[in-house]
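**Student:** show me the folded form of this:
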Amino acid sequence: MIGQCVRGWLMSMVALLAVSLGVVSTARAEDPKAPIAPTPKAAPAPTTKPALVAPTTKPVVSVPKVIRAVPGVAATISLPAAIEKPALETAADLRTLQEQVKTIVAKVAPTVVGLRVGGGQGSGVIITDDGYVLTAGHVSGAPGRDVTVMLHNGKSVKAKSFGVNYEIDSGLVKIDLPGPLPGGKWPVAELARSADLKRGQWCIALGHPGGFNSNRTPPLRLGNVLLSTPAVIRTDCTLVGGDSGGPLFDLQGRVIGIHSRIGGGLADNMHVPVDTYRDTWMRLAQGEAWGMPAFARRTNGAYLGVQIDQSAPDCAVTEVYPEGPAAAAGVKAGDVIIGFDNQPVANFAELMLKLGKKRPGDQASVQVKRGIEKVKLKLMLAKRPDAR
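**Tutor:** So this is what the prediction gives:
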């Protein structure tokens, strides 16, 4: 009984904590299946041109002659026993958690930045003192793009997008100018080892939902790890447009993941594990682009031009790539595909099988559920980008 009471009190105290820190906790957009796309100033919208590139491209940015080593795993420190428990039990436990969260947010907030790429916005986190920023691949986009980095003090600096792994959604940005700390250094967030995450572990999500706002600090969302694999971390931290690319921290203030996309419900979101940035650091730092979003890869070359949440029980569209067949036909992020070529579709695997029978230039129909409506759209499948 006390556990239920404490859990309810926890939610109210988190809200009070956000106010005391000068942050705003935002609610999810009306459509819970909408992607966490980078957000333009006026309204949330997809950020960058889709990954219509070959699986691997040569660097198009000026790469330093000597690439710095990837930051190592920060040392583990002992946390108060009260917040290491599987569940908070007393009011004292709650106060301990509150103080720890407050301490961590004050420490890492200067490392959390807003990113403007083209007409859209996302988030990122500085992880080296010479200005490397981790973000989501769909935020940074192709290597060599101009990026504006909005700092916690409201100032802006120029940067360039470096490497990107489109398949797992990891991206890297490099700030062009020296930092504000002595020696021209930037404030940095330390990295954890995401492979060590445990189910139920507390975590803190920071970012810039709705786009960067100089009148607030990065809003915090407190939650728990629901699942951790080498490919994805799932948490119940609420995320919305503009959060993409922002950091997920453990209670020691170390980055454990980068916000990627929204799952199937309010308390179900996906993050890129930080270990993949460490494992592919040289490729990212050299400005390499590789991989393709799941639906850009077709064995027969037919291309639909959407990203599907493969972990969802249905066939939910998380992103629609501009200039693709789906975009031309009117498919929207948040739609759930329930039919393809006049045959029912229940999930990602079924759509893959049906699409695999088609070839570029074939006519097809797609039936989607959009809110309470069902819409049937006609399209012409294209040749997959990596086959051009």
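
**Student:** so which helix or strand takes in the residue nearest the centre of the chain?
**Tutor:** The residue lying closest to the centre of the chain (C-alpha atoms, centre = their mean) is Ser260, at 1.9 Å. Under the criterion of DSSP states H and E, Ser260 resides in strand 254-265.

**Student:** who touches the next helix or strand after that strand?
**Tutor:** Next in sequence after strand 254-265, counting helices and strands by DSSP H and E, comes strand 268-273. Applying C-beta atoms under 8 Å, 6 or more residues apart in numbering, the contact partners of strand 268-273 are 36, 136, 168-170, 194-195, 205, 226, 228-239, 248, 256-263, 309, 311. (Each C-beta comes from the backbone N, C-alpha and C, glycine too.)

**Student:** mind checking which of those land in strands?
**Tutor:** Of these, the ones assigned to strands by DSSP state E are 136, 170, 205, 226, 228, 233-235, 248, 256-263.

**Student:** if we can go back for a sec, just the buried ones from the contacts of strand 268-273?
**Tutor:** Burial by neighbour count, 16 or more other C-beta atoms under 10 Å: within those this picks out 36, 136, 168-170, 194, 205, 226, 228, 232-239, 248, 256-263, 309, 311.

**Student:** can you pull the domain assignment for this structure?
**Tutor:** Per automatic domain parsing, the structural domains of the chain span 2-285, 294-387.

**Student:** will you turn those into JSON lines that also has mean pLDDT?
**Tutor:** Compiled in JSON lines, the domains of the chain are given as follows (pLDDT from 0 to 100):
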{"stretch": "domain 2-285", "mean pLDDT": "78"}
{"stretch": "domain 294-387", "mean pLDDT": "83"}
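
**Student:** can you give me the helices for the protein?
**Tutor:** Counting by DSSP state H, the segments of the chain that form helices are 2-20, 91-108, 137-140, 274-279, 281-285, 325-329, 348-355.

**Student:** list the buried ones in the second one?
**Tutor:** Counting neighbours by 16+ other C-beta under 10 Å, one finds that the buried residues in helix 91-108 are Asp93, Leu94, Thr96, Leu97, Gln98, Gln100, Val101, Ile104, Val105, Val108.

**Student:** again, but for the fifth one
**Tutor:** Judged by neighbour count using 16+ other C-beta under 10 Å, the buried positions of helix 281-285 are Trp281, Arg283, Leu284, Ala285.

**Student:** how close does the last one get to Gly141?
**Tutor:** Between Ala285 and Gly141 the distance, using C-beta to C-beta, to the nearest Å, works out to 17 Å.

**Student:** list the contacts of Arg278.
**Tutor:** Arg278 sits next to Val70, Pro71, Leu191 when contact means C-beta under 8 Å, 6+ apart.

**Student:** need those residues in CSV (columns: neighbour count and distance to Arg116).
**Tutor:** Output for the contacts of Arg278, formatted as CSV (neighbours: other C-beta atoms under 10 Å; distance: C-beta to C-beta, whole Å):
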residue, neighbour count, distance to Arg116
Val70, 17, 26
Pro71, 20, 25
Leu191, 22, 25
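
**Student:** of the residues you listed, which is the nearest to Gly114?
**Tutor:** For these, the residue nearest Gly114 by C-beta to C-beta is Leu191; the value is 20.7 Å.

**Student:** residue ranges for the strands of the stretch 101-250 of the chain, please.
**Tutor:** Residue ranges of the strands in the stretch 101-250 of the chain, as given by DSSP state E, counting those that start in this stretch, are 112-117, 120-126, 132-136, 146-150, 156-165, 170-175, 190-191, 202-206, 220-228, 233-235, 247-249.

**Student:** possible to save the ones you listed as CSV with distance to Asp362?
**Tutor:** Putting the strands of the stretch 101-250 of the chain into CSV (distance: least, C-beta to C-beta, whole Å) gives the following:
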stretch, distance to Asp362
strand 112-117, 34
strand 120-126, 32
strand 132-136, 32
strand 146-150, 38
strand 156-165, 30
strand 170-175, 33
strand 190-191, 46
strand 202-206, 42
strand 220-228, 37
strand 233-235, 35
strand 247-249, 41
